[in-house]
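**Student:** sequence first, then the predicted structure, then my questions.
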Amino acid sequence: MLFCRTRRGTGKLARSLKAKGYDAKPIHGGLTQPQRDSAMESFRRGKVKILVTTDVAARGLDINGVTHIINYDILNESSVYFHRIGRTARMEADGTAITLVSLEEMADLR
């Protein structure tokens, strides 16, 4: 799962990944509920390997088998980080969380 800060960023990143041959779908609050449900179901069944999402998928979803969480954008609130990374390493499984940070964002990260 790749987490982005904005709906626009989520859609743009998903399109970019698909253009490069990666199996990715976006999910964010700007999509209809049936669109979000379809993307989630595709991800759960393994038909889609990369779910690019806003924090709409950070809480309240039970998704088994998520091995990696990538925070593509740094977080505005540190508490959201725990909800995001909580999507992986569930049920005593291993998982990896990565946060990408540019030099310009280092002050914000601190």
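**Tutor:** Yes, it's here. Numbering: from 1, shown residues only.

**Student:** pull out the buried positions in the helix or strand bottoming out on mean pLDDT in the chain.
**Tutor:** Sorting the helices and strands of the chain by mean pLDDT, DSSP states H and E puts helix 78-85 at the bottom, at a mean of 76. Across helix 78-85, burial judged by 16 or more other Cβ atoms under 10 Å covers V80, Y81, H83, R84, I85. Every C-beta, even on glycine, is put in place using the N, C-alpha and C of the backbone.

**Student:** next one: the closest residue to the second one other than its chain neighbours from T54, what distance?
**Tutor:** It stands for Y81. Nearest residue to Y81 in three dimensions, chain neighbours excluded: L75, at 5.1 Å (Cβ to Cβ, 6 or more residues apart in numbering). Relative to T54, L75 is positioned 12 Å away (Cβ to Cβ, to the nearest Å).

**Student:** overlap in contacts, those two.
**Tutor:** The contact sets of L75 and T54 overlap at R5 (Cβ atoms under 8 Å, 6 or more residues apart in numbering).
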